[in-house]
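Trainee: Sequence and predicted model, in that order:
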Amino acid sequence: MLRKYLQQYDDKGIELSHCSFRIVALGPLWEESTDHEEHRRIRDKIAGLEFGFEKSMRESGYEVLNIVRSSNTEDKPLLQEIVAKLSHEFPLLKMRRAHANEDGCE
């Protein structure tokens with residue numbers, strides 16, 4: 001499935017046969033809900049967090065293949081917690097956080 005997804009990026013010069021992958025995951029952030037409305041609310045929150053995390057990755061200097069589109073506003077305190085937890089996997093995120101903290105931001 002990953003190979004099929006990445007084939008859409010052939011025009012970016014990605015040679016899948018020369019790539020290796022490491023999957024990084026965090027979660028679950030919330031319990032699974034059987035209530036449809038609650039499920040949609042959680043799904044929309046996650047979309048906002050994915051949008052914010054992608055933005056953080058790009059601003060840190062990572063080339064991100066996937067473009068996340070969401071009209072939902074990310075939960076900034078939770079996004080900061082997620083970035084902190086994942087920054088050991090993505091060193092440029094850690095550097096960005098350190099510079100932001102020096103400037104009194106975030």
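Mentor: Noted; the coordinates are in hand.

Trainee: Can you measure across stretch 70-77, start residue to end residue?
Mentor: 18 Å (C-alpha to C-alpha, to the nearest Å).

Trainee: residues contacting V68?
Mentor: 47, 50-51, 53-54 (C-beta atoms under 8 Å, 6 or more residues apart in numbering). Every residue, glycine included, has its C-beta placed from N, CA and C.

Trainee: what's the next secondary structure element after the helix ranked longest in the chain?
Mentor: Taking DSSP state H as the criterion, the chain has its longest helix at helix 36-60. Note on helix 36-60: by DSSP states H and E, the next helix or strand toward the C-terminus is helix 76-86.

Trainee: Number of residues surrounding F90?
Mentor: Counted by other C-beta atoms under 10 Å, the residues lying close to F90 total 18.

Trainee: ok, so what distance separates it from P77?
Mentor: 20 Å (C-beta to C-beta, to the nearest Å).

Trainee: for L92, same thing?
Mentor: As for L92, its distance to P77 is 22 Å (criterion: C-beta to C-beta).

Trainee: try I67
Mentor: For I67 relative to P77 (C-beta to C-beta), the value is 25 Å.

Trainee: next one: T34
Mentor: Between T34 and P77 the computed distance is 27 Å (C-beta to C-beta).

Trainee: rewinding a little: okay, L92 and P77: which has more neighbours?
Mentor: L92 (14 against 8).

Trainee: okay, which residue is most central for this protein?
Mentor: Closest to where the C-alpha atoms of the chain average out (C-alpha atoms, centre = their mean) is F53, at 3.8 Å.
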